[in-house]
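Just need the structure, nothing else, for what follows:
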Amino acid sequence: MNTKDEKSGIKPRYLFAGGGTGGHLYPAIAIAQKLCEFEPQAEIHFAGTSRGVEARVIPEMGFPLHLLSVRGFARRRFWTNLALPFRLIGSLGQSTAILRRVRPDVVIGTGGYVSGPMLFMAHLLGYPTLIQEQNSYPGVTTRLLARGVDQVHLGFAGALPFFKGRKNISVTGNPVRNLEVAATPAEARRHFGLEPDKPTLLVFGGSQGARVINELMIKVLPRLLAESDLQVIWSSGKWNQDMVRQAIVGCENQVWMTDFITEMPMAYRAADVVVSRAGALTLAEINVCGLPAILIPFAAAAGNHQEANALALAKNGSAIVILERELAHRDPAAEIIALLNDPGRRAAMGRMARESAFVSASADLARAVLQLKSKGNREKR
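The predicted structure is shown next:
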């Protein structure tokens, strides 16, 4: 592909707005990396805050990060929201300044409070704009901006009813990192110091961990190890790692645990079944890897979007959903054991996961950005 504007000789330039959490940041990174494959000379810029995960991740990747002072709505310390209108007004001015300094060909928003002011001002100033929404229950920012931006790309078809009558909506799936590894499942298990031929359970609750999942696994682990031949790869999150470490004393040969798994593609490769939360990117990765899952959605997620995400997978037959309020009267240990002991059911669920995966989401979204580029002309701004 042509890497420069043929008339002006200016390198392609793209601005991503989205962050605060990894769920909003990593889709942007996946699209940005694919754009760099298509256009090696492209300049990639990010807008974010000093408080979000992007403040650490983006500089490490070598991309410029432009900071906004906007913050999200505080649900607990509600009195801090009194400053929100002033921060919002300030962030609109900051967004305008960043746009005029960067002069991007396309502005891409991936959700969260960071993308709101940037996408609003980009649309107002005539820049081509695209939103990538990860969840089945769309965020407030996406719903507010959908009418004005050029394109909205959804991660789940279940979000379509929120945009009835709109012609700028596409279901493209959620972009994920490269999950391919050369190792076989047996080699991947050896990588974690586990037996190569035993059924393996992968447990994690997102980058920060999930106390509900950790407490559940601590409760059922003795029964799981006594009634099945399984082994476990367990990511506890940094806040619960001491609690989990104490719980696995004496069974370290069957349980490999850490606070954060840096080699997730290898962990997916080693796993037969996943127990996890239901964040949109987690589910996209599980589907791409073709793994059956037992999902425990985070009950306090905004708009209860994790439950909506999880139920979408349950509907197509690739996941079992256990809601937090059901944990007291269901038997998660029995459900895990039954699934691990049923290779036929696991295989069927894995096939459904792969069939519902959007394997080319990153490339499809990058191509959509490139198509929008033709609508912009930095020389006229």
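
residues contacting the nearest residue to L372 once chain neighbours are set aside?
Counting by CB to CB, 6 or more residues apart in numbering, L372 lies nearest to P128, which is 4.1 Å off, once chain neighbours are set aside. C-betas here are computed from N, CA, C, even on glycine. Counting by CB atoms under 8 Å, 6 or more residues apart in numbering, P128 touches D105, V106, V107, D150, L372, K373, K375, G376.

what do you get if the cut-off is 10 Å, keeping everything else the same?
104-108, 122, 149-151, 369, 371-377 (CB atoms under 10 Å, 6 or more residues apart in numbering).

mind giving me the domain split of the protein?
13-174+360-380, 185-356 (automatic domain parsing).

tell me what the host helix or strand of N287 is packed against?
Assigned by DSSP states H and E, N287 belongs to helix 280-289. With contacts taken as 3 or more CB pairs under 10 Å, 6 or more residues apart in numbering; DSSP states H and E, helix 280-289 sits against helix 22-38, helix 264-270, strand 273-276, strand 293-295, helix 305-315, strand 319-321, helix 343-356.

Can you measure across stretch 247-264, start residue to end residue?
Across stretch 247-264, the terminal residues are separated by 23 Å (CA to CA, to the nearest Å).

Separate out the buried members of the contacts of P128.
Buried members of these, counted by 16 or more other CB atoms under 10 Å: 104-108, 122, 149-151, 369, 372-373, 376.

how about H153, phi and psi?
phi -110, psi 130 (degrees, to the nearest 10).

so how many other residues sit close to it?
26 (other CB atoms under 10 Å).

bridging residues for it?
Applying DSSP bridges to H153 gives these bridge partners: Q132, S170.

Please state the offset of the helix holding N287 from the chain centre?
Taking CA atoms, centre = their mean, to the nearest Å, the mean C-alpha location of helix 280-289 is offset from the chain mean by 8 Å.

now swap in stretch 56-74 and tell me
That offset, for stretch 56-74, works out to 17 Å (CA atoms, centre = their mean).

where exactly do the helices run in this protein?
Under the criterion DSSP state H, the chain contains helices at 22-38, 54-61, 84-102, 115-124, 140-145, 185-191, 211-227, 241-247, 264-270, 280-289, 305-315, 332-340, 343-356, 361-373.

now the domains of the chain as a markdown table including mean pLDDT?
As requested, these are exported to a markdown table (pLDDT from 0 to 100):
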| stretch | mean pLDDT |
| --- | --- |
| domain 13-174+360-380 | 88 |
| domain 185-356 | 96 |
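
picking up where we left off before, relative to helix 22-38, how tilted is the helix holding N287?
50 degrees (axes from the mean of the first three to the mean of the last three CA atoms, to 10 degrees).

Residue numbering should commence at 211 henceforth.
Understood, numbering begins at 211; the last thing we discussed is helix 490-499.

Wait, L235 touches A257, no?
No. Counting by CB atoms under 10 Å, L235 does not reach A257; the two are 11.2 Å apart.

quick one on the thing from earlier: could you export the helix holding N497 as PDB, CA atoms only?
Below are the C-alpha coordinates for helix 490-499, written out as PDB (Å, rounded to 0.1, in the frame of the first residue of the first chain):
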ATOM      1  CA  ALA A 490     -15.100  -8.100  25.800                       C
ATOM      2  CA  LEU A 491     -11.400  -8.700  24.900                       C
ATOM      3  CA  THR A 492     -11.100 -11.700  27.100                       C
ATOM      4  CA  LEU A 493     -14.000 -13.300  25.200                       C
ATOM      5  CA  ALA A 494     -12.600 -12.300  21.800                       C
ATOM      6  CA  GLU A 495      -9.300 -14.000  22.700                       C
ATOM      7  CA  ILE A 496     -11.100 -17.100  24.000                       C
ATOM      8  CA  ASN A 497     -13.100 -17.400  20.800                       C
ATOM      9  CA  VAL A 498     -10.000 -16.900  18.600                       C
ATOM     10  CA  CYS A 499      -8.300 -19.700  20.500                       C
END
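
Show me the contacts of P338 that map onto strands.
Of the positions in those, V316, V317, I318, Q361 sit in strands, assigned by DSSP state E.

For the residue nearest to A481 when sequence neighbours are not counted, give its distance to A529.
Once flanking residues are discounted, A481 sits nearest to L412: 3.7 Å by CB to CB, 6+ apart. Using CB to CB, to the nearest Å, one gets 14 Å for the distance from L412 to A529.

Name the residues contacting each of these two.
V484, S486, I496, L501, A503.

Those residues: which two are farthest apart?
Using CB to CB, these span at most 9.8 Å, a distance reached by S486 and L501.

what is in contact with the two at once?
Common neighbours of S486 and L501 (criterion: CB under 10 Å, 6+ apart): L412, E495, A529.

before we move on, back to that, can you check which of the helices of the chain gets nearest to M467?
helix 451-457 (5.8 Å).
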